[in-house]
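Enquirer: give the three-dimensional model of this entry:
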Amino acid sequence: MKIQTPLLLLILTGFAAFAETINFVEPAKPYDNSPAFKTPRGKFDMGRPFRVPALTWAADGIVMDMNQGLAPKNGSPLAKAIGRPVEIKIENRVDNQVADIISGKSVIFRGTSGQIALVSGALKKFDPNLELITFVQLSSSTGADAFVSKNLNNLTELKGKTILTQLYGPHPELIANILRDAGLSPLDVDLKYVLDITNPAWKPGTPVTDPANTFRFERNATGVTVIDVDALGLTGGKIGTGRDGTVADAKTTFSTKTAPNIIFDCYAVTKEFLLQHPEIVEAFRKAVLGAEEDWLKSLNGLAQKSKEEKTKLRERAKPLAKVIMDDANLVNDYLLWLSEGSRLAGNDGNKDFFATSNPNGFQASTRRVQEFYKTLGMISEVSPLVANAPFANNAPKAAATPAKKAFASEVAVRQAAESASATVLYPYTFQFSPQEANIRWQDYPDTFKKIYEIYTRYGGAIVQVRGHGDNFFYKFVMAKKSKGENSFQRKDKVTGQFLPPEPLPDPVQILNDSNALSYTRAFNVKAAFAAYVKDNYGLSPVEIDLSRFDIKGMGISKPAVETPKTAEDRAKNMRCEILVIAAESELPSNLSSDDLQ
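Expert: Just a heads-up that it's a prediction; the model follows:
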């Protein structure tokens, strides 16, 4: 997953003039039919250096730092921790890691939780001893991966459309959640796969093997999953114009900055090795978590650190930038990636990730991805994955930690929600009775559970709550006044007779009352959400980021039925909408390369 700056002028010139060959690939169905399973079975040799696979991902640099490089070194902190020298092998392709496990070259799998969900069952079927046991979370993606689309206003519009992604990469996890949250099946879209996650060195006239360049030539494609620099190249940072390598009307629908709880980077180990050498696995886990805590302290408040501290950190990170980004001079970009584009899990992150109550934790997230792969025929069955993570879910609750605010003010969140880059990820509508504004989460437990799941998964998204009123009475009064009338009569519901005439109310007062009622409806839905989170997860309002909520009283300005004629029509207007909105380009950033000079 190398992140490099694409040389747009050199690479992208003349795109429109070429009809490029795109090398699409097909997944094995199911995955145990992959060529990797033709690898002869071998036995892991404890006399050789302990091989740990790594991805070209920022957080993998933490393990390389502990090992003082890729080659085995007896005196490295990692070697001392597990009692043997460690060889780190860069291996980004899932099939090759699976082949290494089958051949006995390695007992460790490094991938996302979704990749583990793809291969674990197939390895278990091949040999029950090779079932993967996930034992530590390394990091999560918080901005380094993105979904780019064109001419898409709502995720439900993806039905019948083509989406491009890397085969067996980390991004199908994005697609699985996108479709699920839009109420769509994987079979509702046309998924097309290419082999590489990125190819910044691609040249016109050579086969296209990556999603970003495929998106430039596959005109029928609506969406594509890419790394962040490719998203920048496709959109120009806002909305693509079709010039300078951008794709016309392409925008970043959302990245993992908006959705930081979808792609989780983990280590897993074979069941056989865990049973035979639990002390090595535990020592490796403790070493990783200890190193992460050390790096988290170094990265915390990075922009405010002294020049000397920044220089020391940059020197420490240069060898990691060299390995992961092919250039030690990109150390600032590496540190930005490590601190902004990804999030080190550490001890607290692991406790949260492996908690069974977490709606976006290990069990819940891997099950969603398994269901996605099962529907596509890429795995044979959906079954709970096994984790070996001795974190106490019943530990005493720590003091409430105020949630970090995504937006500084109500004005900022409103501007983001109404920006050109905004895309609705998930809508839901509550109905209200006439003049009623109260709502309890207990009356909609499944709905609030779904909203909370999405709220936490899309941790950078805006939650806009729009209250609405019915416009029937206002239209009735205005029609009367247009005829020069000043009174109206109500029908008695018991006798069926009309009551004595009443003066027509002031239309301005009707609008004011409707605005107030609609705002109260929206505010009460937000309050019901906070109550749901407190009652079900023990989180107080200070622990959830309510700065992401935008409360709007729409009054009668946006009726569902413009001219209501029946009670059913009026009921449709008396509502409150919850819209989870991604406004990717509007999200504030806490750090830039200027902070690292």
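
Enquirer: centroid residue for this protein?
Expert: A259 (2.9 Å; C-alpha atoms, centre = their mean).

Enquirer: skipping adjacent residues, who's closest to that one in space?
Expert: Y458 (4.6 Å; C-beta to C-beta, 6 or more residues apart in numbering). Yep, even glycine has a C-beta here, placed from its N, CA and C like the rest.

Enquirer: please report how far the nearest residue to R110 once chain neighbours are set aside lies from Q442.
Expert: Distances taken as C-beta to C-beta, 6+ apart put P53 closest to R110, at 4.4 Å, once the chain neighbours are dropped. Between P53 and Q442 the distance is 48 Å, computed by C-beta to C-beta, to the nearest Å.

Enquirer: which parts of stretch 468-482 are buried?
Expert: By 16 or more other C-beta atoms under 10 Å, the buried positions in stretch 468-482 come out as 468-475, 477.

Enquirer: quick one: which of those residues is nearest to P541?
Expert: Checking these against P541 by C-beta to C-beta gives H468 as the nearest, at 25.2 Å.

Enquirer: buried stuff in the longest helix anywhere in the chain?
Expert: The single longest helix within the chain, with elements called by DSSP state H, is helix 507-537. By neighbour count on 16+ other C-beta under 10 Å, the buried set for helix 507-537 is 510-511, 513-515, 517-526, 528-533.

Enquirer: go on, stretch 538-555?
Expert: For stretch 538-555, a neighbour-count test (16+ other C-beta under 10 Å) marks 539, 544-545, 547-555 as buried.

Enquirer: stretch 238-251 now?
Expert: So for stretch 238-251, counting by 16+ other C-beta under 10 Å, buried means 239-240, 245-247, 250-251.

Enquirer: again, but for stretch 496-509
Expert: So, applying 16+ other C-beta under 10 Å, buried residues of stretch 496-509: L504.

Enquirer: alpha carbons of that stretch, as PDB, please.
Expert: Coordinates of each C-alpha in stretch 496-509 appear next as PDB, following Å, rounded to 0.1, in the frame of the first residue of the first chain:
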ATOM      1  CA  GLY A 496     -70.000  16.000  12.300                       C
ATOM      2  CA  GLN A 497     -71.300  19.600  12.400                       C
ATOM      3  CA  PHE A 498     -69.300  22.700  11.700                       C
ATOM      4  CA  LEU A 499     -68.600  24.900  14.800                       C
ATOM      5  CA  PRO A 500     -69.100  28.600  14.900                       C
ATOM      6  CA  PRO A 501     -66.700  30.700  12.700                       C
ATOM      7  CA  GLU A 502     -63.200  31.600  14.100                       C
ATOM      8  CA  PRO A 503     -60.900  34.400  12.900                       C
ATOM      9  CA  LEU A 504     -58.200  33.300  10.500                       C
ATOM     10  CA  PRO A 505     -54.800  33.200  12.400                       C
ATOM     11  CA  ASP A 506     -51.900  35.300  11.300                       C
ATOM     12  CA  PRO A 507     -49.900  33.300   8.600                       C
ATOM     13  CA  VAL A 508     -46.700  34.700  10.000                       C
ATOM     14  CA  GLN A 509     -47.600  33.200  13.400                       C
END
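
Enquirer: show me where the stretch 51-200 of the chain has its strands.
Expert: 86-90, 108-112, 132-141, 145-150, 162-166, 190-194 (DSSP state E, counting those that start in this stretch).
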